[in-house]
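Peer 1: Sequence first, predicted coordinates after that:
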Amino acid sequence: MSLREPLRHRSFRWLLAGRTGAELANAIAPVALAFAVLDLTGSVVDLGLVVGVRSLANVILLLFGGVLADRLPRAVILQGTGLAAAVTQGLIAASVLGGFASIPLLLGLSALNGAVSAMSLPAAASLTPQTVPAGLLTPANALARMGSNTGRILGAALGGMLAAGLGAGWAIAIDAAIFLLSAAGYRGVRLAQRVRAERTHPLKDLAEGWREFIARSWVWVVVAQFTVVNAVIMGGHAVLGPTVADATVGRAAWGFILAAQTLGAFIGGVLAARWQPRHALLIGVAVIGVEAIPLITLAELPQLIPLLVTMFLAGIAIEQFVVAWDVSLQENIPEDKLARVYSYDMLGSFIAMPVGEIAAGPLAQRFGADTTLLAGAVLVLVSTALALCSKQIRTLTRRTAHPSDLTGAVPPPPAAT
């Protein structure tokens, strides 16, 4: 199926533009903010506090972001959060450029920025099925992932270049402007307003989302699998990988190795859009086992070519899973509960990442980096094998696309099963 097909739909084009812009801005922000804190105090402890409080606010409010996205028009939420992010980044930039920045001020604004992000993530993830027909969900999600990856790659590089060339304050100011453009992009998403029959307490909505989350074993089994996988990968790639690279292939080579994974993700996105097997989730879950190979290579054969190849393959594999996962959720979860299910999924991922990053160092000191990497590879394989034991994962099939599903109005979501 052509990647051009989803782009025929105006609302999807604007959603893609808005999400890509938001990812670009979100990738610039931590890089520029890190240099701002270091310029201000030079303290790594202060930097950790400022970055950590943002992550904490994000985790605490993420579930309520899902509740909000199932209550209100998601495009409107994304416009509002984009504007709020622009304001918080603008205030940080003004404080740095005006010379009145302080750690307490940056802590407060970072917490606000994390809260804004928590409100936007479930809305962005659950909006795609409202912008394209059901038969185009796979290429639409593949395009969304490619846009997100583009934004992250460019943002990380741009953040460093702007901070080095113009200073951290101006880098954050430009970041605020990009958030503003992203919010403007979401204004182009034109959808019929959803009307809820009744208003309930947010905690009741949260409980209803939890029941929807656990009602299908394939959903919570995959999230449990990725709680393990994400913790291992973040510890292996973000902490132990650079450590091993410093002693073997070098820092510049490690940058190319990470770039190879991103290139694999791009190729994987194109493949996922064009290859749509009936048992896409089964294949997506199974190929996550490929993530163990780079960990084994880091431990046993830390050389440039083997690491380039294995990270490239891992990038392809992860995209097969992510696209299959998004389509599976969007086809099988009722639309009015989709954002809450996404928020529980994201919560499992977000909690796992810092756990893996924090645990990797002490484990490597105690048992050695090689042993820790190999143990992580075993955990990836075991968690994947256990997930494949789920009958629902093995038997879940994609809904067959009818020609009428590819054009015209977006159909209503399927009923819960």
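Peer 2: Noted; the coordinates are in hand.
Peer 1: So what's the residue count around the residue lying closest to residue 187 once chain neighbours are set aside?
Peer 2: Leaving out its chain neighbours, the residue that sits closest to residue 187 by CB to CB, 6 or more residues apart in numbering is residue 79, at 5.9 Å. Where C-beta positions appear, they are placed from N, C-alpha and C, glycine not excepted. Number of residues near residue 79 (other CB atoms under 10 Å) recorded here: 20.
Peer 1: List the buried residues in the helix or strand where residue 79 lies.
Peer 2: Using DSSP states H and E, residue 79 sits within helix 74-98. Buried positions in helix 74-98, judged by neighbour count with 16 or more other CB atoms under 10 Å: 74-75, 77-93, 95-97.
Peer 1: Could you say which helix or strand holds the nearest residue to residue 90 once chain neighbours are set aside?
Peer 2: Distances taken as CB to CB, 6+ apart place residue 176 nearest to residue 90, at 4.1 Å, with adjacent residues excluded. Using DSSP H and E, residue 176 maps to helix 168-186.
Peer 1: quick one, that helix and helix 74-98 angle?
Peer 2: 160 degrees (axes from the mean of the first three to the mean of the last three CA atoms, to 10 degrees).
Peer 1: Next, the contact list for residue 208, please.
Peer 2: 200, 337, 340 (CB atoms under 8 Å, 6 or more residues apart in numbering).
Peer 1: Most neighbours out of these, which is it?
Peer 2: In these, the most neighbours by other CB under 10 Å go to residue 340, 30 neighbours.
Peer 1: pLDDT-wise, what's the bottom of the contacts of residue 208?
Peer 2: Model confidence across these bottoms out at residue 200, which has 71.
Peer 1: one step back: give the rounded mean pLDDT of the helix holding residue 79.
Peer 2: What helix 74-98 shows for mean pLDDT is 92.
Peer 1: Distance from the chain centre to it, please.
Peer 2: Chain-centre distance of helix 74-98: 20 Å, with CA atoms, centre = their mean, to the nearest Å.
Peer 1: again, but for stretch 367-386
Peer 2: Stretch 367-386 sits 23 Å away from the centroid of its parent chain (CA atoms, centre = their mean).
Peer 1: Over to stretch 27-47?
Peer 2: With CA atoms, centre = their mean, you get 22 Å for stretch 27-47.
Peer 1: So for it, what gets flagged as buried?
Peer 2: Those would be 27-37, 40, 46-47, for stretch 27-47 by 16+ other CB under 10 Å.
Peer 1: Remind me what whatever helix or strand residue 331 lives in packs against, helices and strands.
Peer 2: In this structure, residue 331 sits in helix 304-332 according to DSSP H and E. Contacts defined by 3 or more CB pairs under 8 Å, 6 or more residues apart in numbering; DSSP states H and E place helix 304-332 against helix 137-165, helix 217-234, helix 251-274, helix 280-287, helix 292-300, helix 338-367.
Peer 1: Nearest to residue 330, out of those?
Peer 2: The minimum distance between residue 330 and the helices and strands packed on helix 304-332 falls on helix 137-165, with 5.5 Å, by CB to CB.
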